[in-house]
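# Got a predicted structure plus its sequence, pasted below:
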Amino acid sequence: MRETLRTAWPYLSRYRRGLAAGFGALLVKDLTGAAVPLVLREGVDGLTRGFSLSGVMWFSAALLALAAVKGLFQYWMRVILIGISRDVEYDIRNDLFRNLIRLDASFYSRFRTGDIMARATNDMNAVRMMLGPGMMYWAETALTFLLALTVMLAVDWRLTIIALAPAPFVSLTVMYFGRRIHDRFEQIQQKFSDISSRVQENIAGVRVIRAYAQESAELAKFESLNREYIAQNIRLVKISGVFMPLLHSLIGLTFLALLWGGGLRLMQGQLTIGTFLMFSAYLTMLIWPMIAMGWVVNLVQRGRASLKRINELLREPRGIAAPADPAVLSAPPRGEIEFRNVSVRFPTGTALDSVSLRIAPGETVAIVGHTGSGKTTLARLVPRLLDPSAGEVLLDGIDLRRYDPEQVRRHIGMVPQETFLFSMTLAENIAFGSESATREEVLRAAEIAGLAPDLSAMPDGVDTMVGERGITLSGGQRQRLAIARAISNRRCIP
Ligand SMILES: Nc1ncnc2c1ncn2[C@@H]1O[C@H](COP(=O)(O)OP(=O)(O)OP(=O)(O)O)[C@@H](O)[C@H]1O
Ligand SMILES: [Mg+2]
């Protein structure tokens, strides 16, 4: 619990005033709510003593006024507290994304994309449910119980015990079934996301599937997934089918207990009709808290587990970061690159072993080698996408690790083996990373990269949208686009 609070508090404390207002509204709402049965008792008992029209008028006016005040503050309570949980969700989500785009390759080789996505969506939602509705209903429930119980015990403690005896079972039932229903629901969500990824992969790879004549094999796999999905849905229906009737009969039991105990005492003259009605009103008021208690316990448990999982991403340190006192890189840099006894070791093996190499400014160097011999690894060291395990890489005579990597990367154009295009226009893809590039610069970069002839054949020229990951372009066009992107970033346009 302390761990949860330590993480959540920095986010919550920004909204201290809102929280105070929200819980203030909750207090007023619960107090007026708890006053209703008392007014009811006074009114009914007054009427049994002697009927008067003005009495009825006063009585109804008081009830109406209380209901209106309660409703108003209940509205504010929900709007304020749920609103804050949305704000907190917004803040955490931003921090999460900020961290995710800064983390390096070693992080992404440990966490799968699907897992990260699940943490950013499902877990995020569970945390919000804990901090919003969870917190709100917990406070509301506890206060309602306290107020109602105080009055009920003061008026007739025996009847209170009789009437509330079944209450713990209601909470336990909600807790027990709530957890199981949630688990089954999660499994269904998981299965559904399996089905979606399957469909997505099959659509993306439809050409390969057809080329290898795998249609019927894929169909069979899909049918079995689909069948499991339906079976899990039926499991959910079975359990929720038991839950609702059970809950209603338990609630019915509390009223039965009140009717029996209260009726008995009413006949013995130990209870007025007003008091009996008051008890019944309090009991009605307590139904929701009984249910909410079980629900809130689950919300908090789920939220805590999720917050832990989100924390693992938030606390993940950046592998490659700027030093506290970065060296100043002349702009533009001279461009002398030196590798001194550089070794790179991956958990799977050594990619580079004591490589030394000096590249003079303006020099063109081609590195040739077998597949998997470490050429890409060598290139990735220069913009510091990777740090050497031993030795050092120097730019203009200074170790790269002493510069701010963002500064270094501003001066380096890179065309990787596998390019990544965003689903934006060609022009936006070329200008990616150099937001200040003018349209002329973009067109010029496209021309240098040899993309100009292809552009004129596109429906909207440089403003044509490329499909997801550039699917509408040919392999060569994609590579040229990546070259144009590197050129436009370097600002070396003549
Ligand atoms: N992130 C990584 N984690 C673990 N091993 C890696 C990683 N990146 C590369 N390797 C391994 O390091 C070695 C060198 O890889 P690299 O990509 O530098 O080869 P390459 O010379 O560019 O090959 P190619 O000509 O096929 O592009 C390979 O054996 C590869 O399996
Ligand atoms: Mg390579």
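That came through, no problem. Ligands and ions are numbered 1, 2, ... in the order given.
# How about the secondary structure of residue 351?
With DSSP: H, G, I helix; E, B strand; the rest coil as the basis, residue 351 sits in strand.
# Give me every residue in the protein lying close to ligand 2.
Residues of the chain that fall close to ligand 2, judged by CB under 5 Å from the ion: 376, 417. In short, each C-beta sits where N, CA and C put it, glycine included.
# Quickly find the element holding the residue nearest the centre of the chain.
Closest residue to the average C-alpha location of the chain: residue 124 at 2.5 Å, with CA atoms, centre = their mean. Residue 124 is part of helix 124-129 when elements are defined by DSSP states H and E.
# Just checking, which helix or strand succeeds that helix along the chain?
Immediately after helix 124-129, counting by DSSP H and E, sits helix 135-155.
# Who are the packing partners of that following helix?
Contacts defined by 3 or more CB pairs under 8 Å, 6 or more residues apart in numbering; DSSP states H and E place helix 135-155 against helix 16-49, helix 53-102, helix 157-164, helix 273-314.
# 6 Å instead, please
Helices and strands touching helix 135-155, by 3 or more CB pairs under 6 Å, 6 or more residues apart in numbering; DSSP states H and E, are helix 16-49, helix 273-314.
# So what touches that helix?
Applying CB atoms under 6 Å, 6 or more residues apart in numbering, the external contacts of helix 135-155 come out as 26, 30, 34, 81, 160, 282, 285, 286, 289, 292, 293, 296.
# now stretch 62-79
Residues from elsewhere that reach stretch 62-79 (CB under 6 Å, 6+ apart): 22, 25, 26, 28, 29, 32, 33, 35, 36, 39.
# ok, the fifth one - contacts?
Taking CB under 6 Å, 6+ apart as the contact definition, residue 29 lies against 70, 73, 74, 77.
# Would you mind pulling up the elements that the helix holding residue 124 packs against?
Secondary-structure packing of helix 124-129 (3+ CB pairs under 6 Å, 6+ apart): helix 273-314.
# could you check the angle helix 157-164 makes with the helix it packs on?
50 degrees (axes from the mean of the first three to the mean of the last three CA atoms, to 10 degrees).
# Check which residues of the helix or strand just after helix 273-314 are buried.
Following helix 273-314 in sequence order, the next helix or strand is strand 337-346 (DSSP H and E). By neighbour count with 16 or more other CB atoms under 10 Å, strand 337-346 contains the buried residues 337, 338, 339, 340, 342, 344.
# Tell me which helix or strand the spatially closest residue to residue 180 that is not a sequence neighbour sits in.
Leaving aside its chain neighbours, residue 180 sits nearest to residue 239 (5.7 Å; criterion: CB to CB, 6 or more residues apart in numbering). Counting by DSSP H and E, the element that carries residue 239 is helix 215-267.
# Out of the buried residues of strand 337-346, flag the one nearest to ligand 1.
Nearest to ligand 1 out of the buried residues of strand 337-346 is residue 344 (CB to the nearest ligand atom; 7.6 Å).
# Quickly list what the closest one is bridged to.
Taking DSSP bridges as the rule, residue 344 bridges to residue 352.
# mind listing what it touches?
Listed by CB under 6 Å, 6+ apart, the contact set of residue 344 reads 351, 352, 377, 388, 389.
# For ligand 1, see how far away residue 10 is.
Separation of residue 10 from ligand 1 (CB to the nearest ligand atom, to the nearest Å) stands at 34 Å.
# Going forward, the N-terminal residue is numbered 27.
In the new count, where the first residue is 27, that last one comes out as residue 36.
# Helix 161-181 and whichever strand or helix holds that residue, what's the angle between them?
Using DSSP H and E, residue 36 falls within helix 28-38. Taking the same axes, to 10 degrees, one finds that helix 28-38 is oriented at 110 degrees with respect to helix 161-181.
# Tell me the gap between helix 28-38 and the middle of its chain.
Averaging C-alpha positions (CA atoms, centre = their mean, to the nearest Å) puts helix 28-38 16 Å from its chain's average.
# Can you tell me which helices and strands it packs against?
If contacts are counted by 3+ CB pairs under 6 Å, 6+ apart, helix 28-38 sits against helix 299-340.
# can you list the domain ranges for this structure.
The chain breaks down into these domains under automatic domain parsing: 28-340, 363-435, 452-514.
# ok, for residue 156, nearest residue in space, not its chain neighbours?
Spatial nearest neighbour of residue 156, excluding adjacent residues (CB to CB, 6+ apart): residue 329 at 2.4 Å.
# Now the helix holding residue 36: buried residues?
30, 33, 34, 37, 38.
# quick one: contacts for the third one?
Okay, so that is residue 34. When the contact criterion is CB under 6 Å, 6+ apart, residue 34 has no partners at all.
# ok, it to residue 158 distance?
Distance, residue 34 to residue 158, using CB to CB, to the nearest Å: 11 Å.
# Same question for the first one.
Taking CB to CB as the measure, residue 30 falls 14 Å from residue 158.
# same check, this time on the second one
Residue 33 sits at a distance of 16 Å from residue 158 (criterion: CB to CB).
# got it, and the fourth one?
As for residue 37, its distance to residue 158 is 12 Å (criterion: CB to CB).
# quick one: the closest residue to residue 186 other than its chain neighbours and residue 171, what's the gap?
Spatial nearest neighbour of residue 186, chain neighbours left out: residue 178 (4.3 Å); criterion: CB to CB, 6+ apart. Distance, residue 178 to residue 171, by CB to CB: 10 Å.
# For the two, indicate the residue with more neighbours.
Shown here are residue 178 and residue 171; by other CB atoms under 10 Å, residue 178 has more neighbours (22 against 18).
# Do you know the pLDDT at the more buried one?
Reading off the confidence values, residue 178 has pLDDT 89.
# Neighbours of residue 323, how many?
Residues lying near residue 323 (other CB under 10 Å) number 18.
# what's residue 60 in contact with, if anything?
173, 174.
# Local confidence estimate at it?
pLDDT recorded at residue 60 is 91.
# now residue 203
On pLDDT, residue 203 comes in at 90.
# and it, helix, strand or coil?
helix.
# Touching, it and residue 270? I think so.
No - at 9.1 Å, residue 203 does not count as touching residue 270 under the criterion of CB atoms under 6 Å.
# okay, those two: which has more neighbours?
residue 203 (19 against 10).
# Now do the contacts for that one.
If you count contacts by CB under 6 Å, 6+ apart, residue 203 has them with residue 269.
# And it, how far from residue 160?
Distance, residue 203 to residue 160, using CB to CB: 18 Å.
# now do residue 149
Going from residue 149 to residue 160 by CB to CB gives 14 Å.
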